[in-house]
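Novice: build me a structure from this.
(one chain, ligands or ions: 1)
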Amino acid sequence: MLPSDTINKLRLACGSGALLTDRVSLTGYESDALAFFRHAPDAVAIPESKDALAGVMKVCREAGVPVVFRGAGTCKSGGPLALQGGVVIHLSRFRNILEINEQDMYCLVEPGVVLDKLNRELKSRGLFYPPDPSSGSVCTIGGNVAENAGGIRCFKYGVTANYILGMEAVLANGDTVQFGGSAGGLGGMEGDWKALMTGSEGMLAAFTKIWLRLCPLPEKAWTFLAGFRSREAAIAAVEALMRMPAVPVALELLDNRTVGLVENSDFAVGLNKDCCYLLSELDGPAEIADRQAEVLADEIRRRGAESLVYTGEEEERQKLWRARKAFGGLLGQISASTIAEDVVVPTSRIGEVLDYIYTRAEALDIEVAVALHAGDGNMHPNFLFDSGNEAECDKVRTLCAQLIEKVIACDGAISGEHGIGSDKAGFIPLVMGEREMALQRCVLNCFNPDDRLNPGKLLPSRRFQKAVTP
Ligand SMILES: Cc1cc2nc3c(=O)[nH]c(=O)nc-3n(C[C@H](O)[C@H](O)[C@H](O)COP(=O)(O)OP(=O)(O)OC[C@H]3O[C@@H](n4cnc5c(N)ncnc54)[C@H](O)[C@@H]3O)c2cc1C
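Specialist: Numbering: from 1, shown residues only. Prediction:
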């Protein structure tokens, strides 16, 4: 509980109606997309302006209260959880697209703008913003920047960091800073601070404005869906397509358990449940894309695909991608709880790590369905279990720890795109030595020396010592 004078000051700072303190309202802010890690904040502030946000930050600093920023709460690593209580600052009122500059190919947005909404606006002007996490219909640009979100198109187009030209941010003491701007800029002695902020998981500052680089909408796109009886053949096809001069936009794999889930839903597209599927895409100028589509289709057939559908028709293409993107939400239909793991390995090790996942999950009697951004080596094994059953929780904890060890042994990384958050903080000592962790600490010390911003994330030692709620 926050002292009543702190609550009064917060209420004054963020304006009436924008401070939530009742239990029922706070329940909605207890968790992120993983749902079963729950930590209620003491209050939620929903400021409507930068001044109000800065005011809230100042009150929290003076009162020694932890602060956690929140976009849409779709994070899968515990990022927006208030581990030590305090104030969650929900940036949902920062939802304006401030400028779309067609001449200079950038836009300026507030952090609460929903990703798909931005792309709908851009489409009418023949532009798009490429990074596309599958949560795009809900997640916010602020959350994408804080997590350096990836997605399906990132094989060709790159991740969020490749599109950040600049940002305005409010620091822990309430001061406003700006790094970069509409022209971007990569630094030299000036330093690339916007790159440092990208992927900072809510530990350095609150973004209040973000400049994003835009791309012209491709004239034509083709989507490919190929079924393979054998997992090995599907992975070999990914490796072959990765090397094609006509770089595919996306190289996604769905295992046969994932396929079963899609086919039992309204998103069914006629997949064979005994196969795993490769979803790919090509885009570019119409004439070139049409020609390359035939080359890519031939290569997929040559790699032993049992079935192949490919289409340049917009509605059909979107239907195929919807089936892929719906998968995460469908898991809730068959399992009380899901852990969506997120690891990345060199593509040549995908087969080995997949085999390991299935073998270990079977040994522990835990269901698993795996979707992969395979071109990036980014794997999402989804472990299905009941979080009310302590024995099952223990098994899933064991599985995740074994997977991380395996991934490290395969020269991989412990997060491909979901971030470290609280979920993986305990594994950081496995991938960083003392020197690396000390350097991380130096950066945090510049912005957030007492760990009041998003405590408990990234490094296990990051605890705010003067927290109001123990
Ligand atoms: C079905 C599903 C599919 C997904 N698919 C993908 C995918 O393909 N690729 C991918 O990368 N991720 C994916 N995710 C994970 C998630 O959607 C992303 O991490 C997304 O970027 C989170 O955005 P958000 O607005 O929900 O942020 P939140 O979950 O609210 O917050 C995430 C982090 O950002 C910080 N933050 C939020 N706003 C700000 C701000 N304005 N300033 C500073 N810090 C801030 C928070 O403190 C927190 O640490 C998926 C999630 C779901 C549920």
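
Novice: buried ones in the helix or strand where Y358 lies?
Specialist: Per DSSP states H and E, Y358 falls inside helix 350-363. Buried residues in helix 350-363, counted by 16 or more other CB atoms under 10 Å: I350, G351, V353, L354, Y356, I357, R360, A361. Heads up, the C-betas are built off the backbone N, CA and C, glycines and all.

Novice: can you add distance to E62 and pLDDT and give these back as CSV?
Specialist: Converted to CSV, those look like this (distance: CB to CB, whole Å; pLDDT from 0 to 100):
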residue, distance to E62, pLDDT
I350, 51, 97
G351, 55, 97
V353, 49, 98
L354, 52, 97
Y356, 51, 98
I357, 48, 98
R360, 49, 98
A361, 49, 97
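
Novice: next secondary structure element downstream of the helix holding Y358?
Specialist: strand 367-373.

Novice: so what strands line up beside that following strand?
Specialist: Counting by DSSP bridges, the strands paired with strand 367-373 are strand 250-254 (antiparallel), strand 378-385 (antiparallel).

Novice: what's the burial count for the closest residue to L331 other than its chain neighbours?
Specialist: With CB to CB, 6 or more residues apart in numbering as the measure, T338 is the residue that lies nearest to L331, at 4.7 Å, once sequence neighbours are left out. Around T338 there are 24 other residues, counting by other CB atoms under 10 Å.

Novice: okay, and T338 sits in which element?
Specialist: strand 337-340.

Novice: packing partners of that strand?
Specialist: Applying 3 or more CB pairs under 8 Å, 6 or more residues apart in numbering; DSSP states H and E, one finds that strand 337-340 contacts helix 314-334, strand 378-385.

Novice: so how far is the helix or strand just after it from its chain's centroid?
Specialist: Once strand 337-340 ends, the next helix or strand along the chain (criterion: DSSP H and E) is strand 343-344. How far strand 343-344 lies from its chain's middle: 13 Å, per CA atoms, centre = their mean, to the nearest Å.

Novice: what of stretch 377-387?
Specialist: For stretch 377-387, the distance to the chain centre is 15 Å (CA atoms, centre = their mean).

Novice: and that stretch with the ligand, contact?
Specialist: No - on the criterion CB under 6 Å from any ligand atom, stretch 377-387 is out of touch with the ligand, staying 8.1 Å away.

Novice: the residue nearest to L331 and the ligand: what is the separation?
Specialist: 10 Å (CB to the nearest ligand atom, to the nearest Å).

Novice: which residues does the residue in the stretch 251-400 of the chain positioned nearest to the ligand contact?
Specialist: As assessed by CB to the nearest ligand atom, the ligand sits closest to G328 within the stretch 251-400 of the chain, at 3.1 Å. The contact partners of G328, taken as CB atoms under 8 Å, 6 or more residues apart in numbering, are S134, S135, A340, A371, N382.

Novice: hmm, 10 Å instead?
Specialist: Residues near G328 by CB atoms under 10 Å, 6 or more residues apart in numbering: A33, T74, K76, P133, S134, S135, T258, T338, A340, A371, H380, N382.

Novice: greatest separation within these: which pair is it?
Specialist: Put simply, by CB to CB the two of the contacts of G328 set farthest apart are T74 and T258, 19.2 Å from each other.

Novice: which of the helices and strands packed on strand 337-340 has the lowest average pLDDT?
Specialist: Lowest mean pLDDT within these: helix 314-334, a mean of 88.

Novice: got the CA positions of that one in CSV?
Specialist: Extracted in CSV, the C-alpha atoms of helix 314-334 (Å, rounded to 0.1, in the frame of the first residue of the first chain):
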residue,chain,number,x,y,z
GLU,A,314,-4.1,-10.6,-51.4
GLU,A,315,-7.1,-12.2,-49.5
GLU,A,316,-5.7,-15.7,-49.9
ARG,A,317,-2.3,-14.6,-48.7
GLN,A,318,-3.8,-12.9,-45.6
LYS,A,319,-5.7,-16.1,-44.8
LEU,A,320,-2.5,-18.1,-44.7
TRP,A,321,-0.8,-15.6,-42.5
ARG,A,322,-3.8,-15.3,-40.2
ALA,A,323,-3.6,-19.1,-39.6
ARG,A,324,0.1,-18.7,-38.6
LYS,A,325,-0.5,-15.6,-36.4
ALA,A,326,-3.6,-17.1,-34.6
PHE,A,327,-1.6,-20.0,-33.3
GLY,A,328,-0.4,-18.3,-30.1
GLY,A,329,-3.9,-17.4,-29.0
LEU,A,330,-5.3,-20.9,-29.9
LEU,A,331,-3.0,-22.5,-27.3
GLY,A,332,-5.4,-21.2,-24.6
GLN,A,333,-8.1,-23.5,-26.0
ILE,A,334,-6.3,-26.7,-25.1
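
Novice: neighbour count for T74 and T258, which is higher?
Specialist: T258 (26 against 23).

Novice: that one is in what secondary structure piece?
Specialist: Short version, using DSSP H and E: T258 is in helix 256-263.

Novice: quickly check: that helix near the ligand or not.
Specialist: No - using CB under 6 Å from any ligand atom, helix 256-263 stays clear of the ligand, coming no nearer than 12.9 Å.

Novice: buried stuff in that helix?
Specialist: Here helix 256-263 shows N256, R257, T258, V259, G260, L261, V262 as buried, counting by 16+ other CB under 10 Å.

Novice: do stretch 296-313 as well
Specialist: Quick answer for stretch 296-313 (16+ other CB under 10 Å): L296, A297, E299, I300, R303, A305, Y310, T311, G312.

Novice: any idea which of those residues is closest to A409?
Specialist: Nearest to A409 among those, counting by CB to CB, is R303 at 28.2 Å.

Novice: doesn't A237 make contact with that closest one?
Specialist: Yes - using CB atoms under 10 Å, R303 makes contact with A237 at a distance of 3.9 Å.

Novice: find the residues that touch each one of those two.
Specialist: Contacts common to R303 and A237, judged by CB under 10 Å, 6+ apart, are A226, F228, L278.

Novice: against the ligand, which of those residues make the cut? List them.
Specialist: Counting by CB under 6 Å from any ligand atom, no member of the shared contacts of R303 and A237 is near the ligand.

Novice: appreciated, that's everything.
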